[in-house]
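Participant: Got a sequence here, can you model it:
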Amino acid sequence: MQRVWQRPRERLRGAGSVPNACVASIGRLALTRVELLAIRVPVEVLIGDRDPVDALYVRPLQAARPDWPVVHIHRAGHLNAFLKDQFKQELARWLDRRRQAVSADAPTSASAARSTG
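Facilitator: Residues are numbered from 1 along each chain as shown. Okay, the predicted model is just below:
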């Protein structure tokens, strides 16, 4: 897919004022499968159910990382998904779960004092 972005003039027809350098550089952001599998932080993908990026990037990503959940934001495209209430709710839910997981893993004040005391 990154080769598509290396042909900016073809991709830019009708794209407005996007500089060629921006579009041509997107392909350099691509990760190898090894790099993708090396990511060890929690990830959840939020994407609009009408977003063309889903077929271009998210579905191949799911094949490589089935452990990363994908949430489709109803009636949302690429540019408006983050404006939807569902996006905000899903993001808050994910952040709350991460906060709870970190809290559960953190030592209590008493056990921390014993280990350093």
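
Participant: And the residue nearest the centre of the chain, how close does it get to D85?
Facilitator: Centre of the chain computed as the mean C-alpha position; nearest residue by Cα atoms, centre = their mean is V45, 4.6 Å away. Separation of V45 from D85 (Cβ to Cβ, to the nearest Å) stands at 18 Å. C-beta: built from backbone N, CA, C; applies to glycine.

Participant: what number of residues lie near the closest residue to P69 other than its chain neighbours?
Facilitator: Leaving aside its sequence neighbours, P69 sits nearest to E44 (Cβ to Cβ, 6 or more residues apart in numbering; 4.9 Å). Neighbourhood size, E44 [other Cβ atoms under 10 Å]: 15.

Participant: Make 186 the starting number, not 1.
Facilitator: Yep, numbering from 186; the last one is E229 now.

Participant: Tell me where this structure has helices.
Facilitator: 187-190, 193-197, 205-210, 218-222, 238, 244-249, 270-290, 294-301 (DSSP state H).

Participant: Tell me how far the fourth one lies from the chain's centre.
Facilitator: Computed by Cα atoms, centre = their mean, to the nearest Å, the separation of helix 218-222 from the middle of its chain amounts to 15 Å.

Participant: tell me the mean pLDDT for that helix?
Facilitator: The average pLDDT within helix 218-222 is 95.

Participant: Same check on the second one?
Facilitator: Taken as a whole, helix 193-197 has an average pLDDT of 50.

Participant: Could you do the third one as well?
Facilitator: Averaged over helix 205-210, pLDDT sits at 77.

Participant: Which strands or helices does that helix pack on?
Facilitator: Secondary-structure packing of helix 205-210 (3 or more Cβ pairs under 8 Å, 6 or more residues apart in numbering; DSSP states H and E): helix 187-190, helix 193-197.

Participant: ok so, going back, hey, what's the residue nearest to the centre of the chain bridged with?
Facilitator: Beta bridges link V230 to V255 when assigned by DSSP bridges.
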